[in-house]
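In: sequence and computational prediction follow.
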Amino acid sequence: MKKFVLKTYGKIIAWILTVLGLYTSCDIVEPVEYGTPTADFVVKGKVTDERTQQPIRGMAVISKSDTAPYGNDTVITDTSGNYELNFTATAFGAKDLTVYASDIDNDTNGAYLSDTIRIKAHELKQIEKRRKNWYNGKFEGKADFKLRQATIMPMYGVPSTEYKEMERDIE
C-alpha cells in the first residue's frame, strides 16, 4: 500500500510540475512571440497648402523608421487632405516618430516642397495597454503638414557660359 501511495503522489507532483512549467514558459492564451519588443503606432493628420489653407490630395505621407529603408510605410492623402498611417515598429514603449510628407505627382496638384515632422514620445497617447508578452501597446499621434508650393523655373535653355583662357607668364 505504501508503494501505491508513493507512486500516486509522484504522478500527481509530476503532473503539477508539468502544468506549472508549461504555464510559466509559454503564453497559452496568446501566441508566443520571440524576438524584440514591438508597439503599434497610428499617426493621423491633414496636409494643407500653407498659403491658401486648402487640403492637398495625393500627397505621400511616410513613416521613417530607424532602419530605413526597411520598416518605412507610406499612405496617400484623400481628397480632404486627411491621412491615417498605421504601422508596427520595434519599441520598448512610446518612442519618437519621424513622419515625412512628399509630393509624388507634381502635375496634378502643383508642386509642393517636402516637409518632416518629428513627434516626441511624450506627445503620443497610449490607446491600447501593453500585454505580458513582447507587445508594448498601441500609441496614437497627430501630425498636420502645411506645405509651401515650390517655385518651378521654366527650362528654356541654360545660358551659355563664356570661358576665358587665362594667360600666365611662363618664365
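Out: Alright, I've got the coordinates.
In: from now on I want contacts and neighbour counts done on CA atoms only, so please keep to that.
Out: Noted.
In: so what's Leu97 scoring on pLDDT?
Out: On pLDDT, Leu97 comes in at 88.
In: so where do the helices sit in this structure?
Out: Applying DSSP state H to the chain gives helices spanning 2-25, 106-109.
In: now those in TSV, with distance to Thr74 and mean pLDDT?
Out: Converted to TSV, the helices of the chain look like this (distance: least, Cα to Cα, whole Å; pLDDT from 0 to 100):
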stretch	distance to Thr74	mean pLDDT
helix 2-25	38	79
helix 106-109	18	71
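In: can you redo the ones you listed as a markdown table with distance to Phe139 and mean neighbour count?
Out: A markdown table is the format used below for the helices of the chain (distance: least, Cα to Cα, whole Å; neighbours: other Cα atoms under 10 Å):
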| stretch | distance to Phe139 | mean neighbour count |
| --- | --- | --- |
| helix 2-25 | 28 | 11 |
| helix 106-109 | 32 | 11 |
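In: who are the contact partners of the closest residue to Gln53 other than its chain neighbours?
Out: Of all residues not flanking Gln53 in the chain, Lys146 sits nearest, at 7.8 Å (Cα to Cα, 6 or more residues apart in numbering). With contacts defined as Cα atoms under 8 Å, 6 or more residues apart in numbering, Lys146 is in contact with Val47, Thr48, Asp49, Glu50, Gln53.
In: give me the number of residues near the first one?
Out: In this case it means Val47. 26 (other Cα atoms under 10 Å).
In: so for the longest strand seen in the chain, mean pLDDT?
Out: Identified as the longest strand of the chain according to DSSP state E is strand 38-49. Mean per-residue pLDDT for strand 38-49: 91.
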